[in-house]
Each structure stands twice: as structure tokens, then as C-alpha cells.
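Chemist: structure of the sequence below:
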Amino acid sequence: MFSIKDKVVVITGCASGVGKATAHRFSEAGAKIILADIEDAFELAKEVGGKFVKTDVRKESEVKNLMQAAMDTYGELNVVINNAGILRVVEVKDITEEVLDEVISINYKGTLWGMKHAISYMSDGGCIINMSSVMGLIGWIGCAVYGSTKAAIIQMTKTAALELVPRKIRVNAVCPGRLATPMV
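Modeler: As a prediction, this is how the structure comes out:
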């Protein structure tokens, strides 16, 4: 039976919602957790017995430092959950460059940097989980930018999964529907 007891897990976007719930669940299962968010999650880290590393996933250097922190703390890296994300509901006619840049930087680039730097530190046989959305599979009014970043995550997940077969690193995307979280 599969177990995550004593596995080293990095979770981005952990200060609330799915990331926070994931941190609690992985802690209950015995994982060693590194929590990352742009918001303060020191209290959550205490609750789940993990370590918090303040990280802006838009910045490649900070994501690289996050993965290094996992190595420095636990000596290995087994699972990365690229969960950090942002939703901006804006109809196509109202999209601004600022909204586009913000959503792409957090959702798309944050996931890409998470995968890229996880691979450098991850043990063979590890696992990368990318948080996408049902909006990456279907259209929805006001979700052109958000949905397109989530569709891109699905595609980059497929590509990374193929590239990492030789190292037996599994790469999957999760595509939840509407969840009762602060973001929604």
C-alpha cells in the first residue's frame, strides 16, 4: 500500500483553501512538510509540524530557494504540490495587461518554476502534482485568462510527465470544479 509517511512534501499556496487543507491531510498521514506562500503561514506550519518558507512563486529564484530549503531541512524531496494560484474574473473585453500579467505569473509561471526546480532536487520515483482546474477544460464567462493558464498547466503537465518517465517521477494535474474556498 502507498504511504507518504516520512516523505518530504513541498506545498505552494498553503495559507488558505486547498493548500491549507492539503497541508493538514499530508501532516495527518505523516509527511514532512515545507509550506510556501506569499502570505504568512507560520501558524499553519506550527499546526502541521512543518516549516514555512515565504515564497513568491512568480519569482524563479524564490522557488529555487524553496526547493533548496526542503533539501537543507530534510535532505531529500519526494513530492511537490504546485497549488499557488489566483483567480481574476474578467470578461475578454475588459482584460487589462496588469490582470493578464498577474494571472500568468502566478498560475502558469509559478507552476513551471515549481516543476523545473523540483526536478533538480527530487528523488527518482517522486511525484509532482499541479493544481489546474475544470476551467482549463471548459469555457466560462469571465475566465478567459484564468482558464487559459489552467489549460496551459494541463499541457505542461503532460509534457513533463513524458520527459520524467526515465526517472520514474510521476507528474499529474488535478482539475477540481468549484470549491468552497476563500479564492472562490
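Chemist: enumerate every residue touching Ile33.
Modeler: Val9, Val10, Ile11, Ala23, Phe26, Ser27, Ala45, Val48, Gly49, Gly50, Lys51 (Cβ atoms under 8 Å, 6 or more residues apart in numbering). Every C-beta, even on glycine, is put in place using the N, C-alpha and C of the backbone.
Chemist: show me the contacts for the fourth one.
Modeler: This means Ala23. With contacts defined as Cβ under 8 Å, 6+ apart, the neighbours of Ala23 are Ile11, Cys14, Ile33, Leu35, Leu44, Val48, Gly50.
Chemist: what about these, which are in strands?
Modeler: Ile11, Ile33, Leu35 (DSSP state E).
Chemist: so the residue of the chain most remote from its centre, which state does it fall into?
Modeler: Outermost residue of the chain with respect to the C-alpha centroid, by Cα atoms, centre = their mean, is Lys93; its distance is 29.3 Å. Under DSSP: H, G, I helix; E, B strand; the rest coil, Lys93 falls in the helix class.
Chemist: could you check how far it is from Ala151?
Modeler: Using Cβ to Cβ, to the nearest Å, we find Lys93 at a distance of 20 Å from Ala151.
Chemist: buried ones in stretch 55-69?
Modeler: Under the neighbour-count criterion of 16 or more other Cβ atoms under 10 Å, stretch 55-69 has Thr55, Asp56, Val57, Arg58, Glu62, Val63, Lys64, Asn65, Leu66, Met67, Ala69 buried.
Chemist: distance from the helix or strand that contains Thr159 to the middle of the chain?
Modeler: Assigned by DSSP states H and E, Thr159 belongs to helix 144-163. Relative to its chain's centre, helix 144-163 lies at 12 Å (Cα atoms, centre = their mean, to the nearest Å).
Chemist: thanks a lot, see you next time.
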